[in-house]
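Asks: My questions concern the predicted model and sequence given below.
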Amino acid sequence: MHHSIEVENLSFAYPDGHTALRGVSLSIQPCEKVAVVGPNGAGKSTLILHLNGILIGQEGRIKVCDLEAAPGNLGRLRAMVGLVFQSPEDQLFSPTVYDDVAYGPLYQGLSPQDVQARVDEALSAVHMSDYASRVSHHLSMGEKKRIAIATVLSMKPEVLVLDEPTAGLDPRARRSLIKLLGELPLTMLVSTHDMLMVRELFPRMVIMDQGRVVADGPTQVLLNDQALLEAHGLERP
């Protein structure tokens, strides 16, 4: 069976000796939307950073759309897996919104016409078409998050991976972002503490704790298991 993401027995320790992942296995189908939840230090962000090769596991393996996550494949892998960091400041560094969104396609060597088309399409997808000439660091946090998503969409990824997408947003911007994520027709993996968003948007939930997957199943079933949630520092929304 074809999987968008396949993680098998992945283990990883940081140079200081802290073991962040312990034998993590996970398969995600094309167009599936999956939330990864758990307490701080559970290994969620470490897992996400493996999916496009920012980190490389010491044991186990990862395949994305049948491509092995290995040092020789990192360019292709990063085009396939669009990673949106928790802080948009980590992704927005150009003079204008247009330049930020065009950066990836330019780096891919596309023609000016194709770059323009990619930027137009990505900004349209996040409902920010009027912002191309704006200066990214003058935008609100919600607007910056949308532009950060657009910088990834302009690369035409197969998979969208987001780290804490609703962190730092006011209620209106949060609601708007959740609606946007629901519209995007991509395989999606999101690490989050926002359990209300998980309940609303993600049919499947993976609970991590101390570097391990401790539960993986239908969101509604897991959210009804009060003992499971309490054991792993989670609250039912």
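Replies: All right, it came through fine. Numbers count the residues shown, from 1 in each chain.
Asks: ok, how many other residues are close to Val213?
Replies: Burial of Val213, expressed as a neighbour count using other CB atoms under 10 Å, amounts to 22. Using the backbone N, CA and C atoms, a C-beta is placed for each residue, glycine as well.
Asks: Kindly apply the preceding question to Val206 instead.
Replies: Around Val206 sit 24 other residues, with neighbours defined as other CB under 10 Å.
Asks: Surely it is in a strand?
Replies: Yes. Judged by DSSP: H, G, I helix; E, B strand; the rest coil, Val206 forms part of a strand.
Asks: can I assume it is in contact with Val213?
Replies: Yes. Distance between Val206 and Val213: 5.9 Å, which falls inside the contact criterion (CB atoms under 8 Å).
Asks: anything in contact with each of those two?
Replies: Leu26 (CB atoms under 8 Å, 6 or more residues apart in numbering).
Asks: In the protein, where is pLDDT below threshold?
Replies: Segments of the chain classed as low confidence (criterion: pLDDT under 70) are 1-2.
Asks: what about Leu74, distance to Ile54?
Replies: The spacing between Leu74 and Ile54, counted by CB to CB, to the nearest Å, is 9 Å.
Asks: Please apply the same query to Leu110.
Replies: Using CB to CB, Leu110 is found at 23 Å from Ile54.
Asks: just Leu228 next, same as before
Replies: Counting by CB to CB, the separation of Leu228 from Ile54 is 30 Å.
Asks: And Lys179, by the same measure?
Replies: Here Lys179 is placed at a distance of 29 Å from Ile54 (CB to CB).
Asks: hmm, back to that, out of Leu110 and Ile54, which sits in the more crowded spot?
Replies: Residue environment comparison for Leu110 versus Ile54 gives the larger neighbour count to Leu110, 16 against 13, counting by other CB under 10 Å.
Asks: Can you name the residues that contact that one?
Replies: For Leu110, the residues meeting the contact criterion (CB under 8 Å, 6+ apart) are Arg118.
Asks: What lies in contact with the helix or strand harbouring Ser27?
Replies: Secondary structure here is read from DSSP states H and E; on that basis Ser27 sits in strand 19-28. With CB under 8 Å, 6+ apart as the contact definition, strand 19-28 has outside contacts at 3-14, 34, 43, 46-47, 50, 57, 59-60, 159, 187, 189, 206, 208, 210-213, 216.
Asks: buried subset of these?
Replies: With neighbours counted using 16 or more other CB atoms under 10 Å, these contain these buried positions: 3-7, 10, 12-13, 34, 43, 46-47, 50, 57, 60, 159, 187, 189, 206, 208, 211, 213, 216.
Asks: Now do the contacts for Leu139.
Replies: The contact partners of Leu139, taken as CB under 8 Å, 6+ apart, are Val97, Tyr131, Ile147.
Asks: Among these, which lie within helices?
Replies: Assigned to helices by DSSP state H, the following of those qualify: Val97, Ile147.
Asks: Now rank the contacts of Leu139 by neighbours and give me the top one.
Replies: For the contacts of Leu139, the largest number of neighbours (other CB under 10 Å) sits with Val97, at 27 neighbours.
Asks: Please tell me I have it right and it contacts Arg134.
Replies: Yes. Using CB under 8 Å, Val97 makes contact with Arg134 at a distance of 5.0 Å.
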